[in-house]
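*Asks:* Here is the input, now give the coordinates:
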Amino acid sequence: MLDGDSATILVKSPQPRWLYAYFDATDLCEFILECCKLCVEEDLLSEVIYLRAHDDTVKDLEAWLDMRQSQLNTLIDVIVQGSGSLSKRKRKLAEGLTDEQLAKVESVVSEHFAAYIDARA
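*Replies:* All right, here's what the predicted structure looks like:
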């Protein structure tokens, strides 16, 4: 029975208390611990590599490229998703850039994201 006033559960059954009061959550705790370890050791490491590469890329590109920050971030993300190159279908994201400028952007992104792209492959 659920008691909404006191936020407690009242068990009215002939079963002994130890069946529901002291269950073994060892397997569940071990699973959660493994998930946390994977998150810290793999996912967080990958995120740090990505953020460092992104910051370095933005720093290099802003030195010569005049583009809104949101547009630049989107362009970088799409190039990273394309493993260092911008597909012809996504070319509209780089409107206003010449082919030479786009090649330079792809080169800078590929240079800074090489470790991240290789780790994903």
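
*Asks:* Low-confidence regions, this structure specifically.
*Replies:* The chain contains residues with pLDDT under 70 at 1-2, 16-21.

*Asks:* what about the residue nearest to the spatial centre of the chain, which helix or strand?
*Replies:* For the chain, the residue nearest the mean C-alpha position is residue 47 (5.9 Å; C-alpha atoms, centre = their mean). Assigned by DSSP states H and E, residue 47 belongs to helix 44-62.

*Asks:* going on from that helix, what's the next piece of helix or strand?
*Replies:* helix 69-81.

*Asks:* List the buried residues for the next helix or strand along the chain from that following helix?
*Replies:* Following helix 69-81 in sequence order, the next helix or strand is helix 99-112 (DSSP H and E). For helix 99-112, the neighbour count (16 or more other C-beta atoms under 10 Å) marks 102, 104-106, 108-110, 112 as buried. C-beta coordinates here come from the backbone N, C-alpha and C atoms, glycine included.

*Asks:* sorry, back to before: what does the helix holding residue 47 rub up against?
*Replies:* For helix 44-62, the surrounding residues in contact (C-beta atoms under 8 Å, 6 or more residues apart in numbering) are 67, 72-73, 76, 80, 105, 108-109, 112-113, 115-116, 119.

*Asks:* Much appreciated, bye for now.
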